[in-house]
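# after the sequence you'll find the predicted model.
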Amino acid sequence: MPKLVRDRTLPALCPFCRAEILRPGEVEGGEWYDFAAGSCTCGAIFAHDPTARNGGAVFLQALLMVSGGDMDRAMELAEGVDYDVGYVQKYNVELHRLEPNSFGTLYFVRLRALGGD
Ligand SMILES: [Zn+2]
């Protein structure tokens, strides 16, 4: 008899457009970018905090990436005005799935200008 394994994991989805995202990877071009990151087809940028302890730094990286690497510009942007943020918790980078016992967090930033209206 086949053994039924209940899969308690979920796919990692973009909080803005609900599309399944690609696994975050190493970011080229900048000593600022310490964390694995990626982008969604809707224009959102996400960065991965594997420990749930680096939150601020990971979020800042995503914000900097969405600003094209321009720190001055990143600092001028205002949440809820220029960009929106989203979080995906319990992310397991090895599975590239959401898994109840995992601590990873994906921080998403999307510029409003890219999102239309
Ligand atoms: Zn998206």
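Everything's here; your move.
# other residues contacting the longest strand along the chain?
The strand of greatest length in the chain, counted in residues with DSSP state E as the criterion, is given as strand 83-92. Counting by Cβ atoms under 8 Å, 6 or more residues apart in numbering, the neighbours of strand 83-92 from elsewhere in the structure are 9, 12-16, 44, 46, 48, 59, 63, 66, 77, 79, 97-112, 115. The way it works is simple: take the backbone N, C-alpha and C, and place the C-beta from them, glycine included.
# does it come close to the ion?
No: under the criterion of Cβ under 5 Å from the ion, the ion is not reached by strand 83-92; the shortest gap measures 8.9 Å.
# which of the contacts of strand 83-92 fall in helices?
For those, the ones inside helices are 59, 63, 66, 112, 115, with DSSP state H as the criterion.
# what is the nearest of those residues to the ion?
If you rank those by distance to the ion using Cβ to the ion, residue 115 comes first, at 9.3 Å.
# just give me the residue right at the centre of this protein.
residue 46 (2.5 Å; Cα atoms, centre = their mean).
# contacting residues for that one?
14, 21, 24, 37-40, 62, 88, 106-109.
# show the buried residues in those.
Buried members of those, counted by 16 or more other Cβ atoms under 10 Å: 14, 21, 24, 37-40, 62, 88, 106-109.
# dump the longest strand of the chain to CSV, keeping only the CA atoms.
The C-alpha trace of strand 83-92 is given here as CSV (Å, rounded to 0.1, in the frame of the first residue of the first chain):
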residue,chain,number,x,y,z
TYR,A,83,6.0,51.6,-1.5
ASP,A,84,4.2,48.8,0.3
VAL,A,85,5.7,46.1,2.3
GLY,A,86,4.7,42.5,2.8
TYR,A,87,6.0,39.6,4.9
VAL,A,88,6.0,35.9,4.4
GLN,A,89,6.9,33.9,7.5
LYS,A,90,7.8,30.3,8.2
TYR,A,91,9.8,30.1,5.0
ASN,A,92,12.1,27.2,4.5
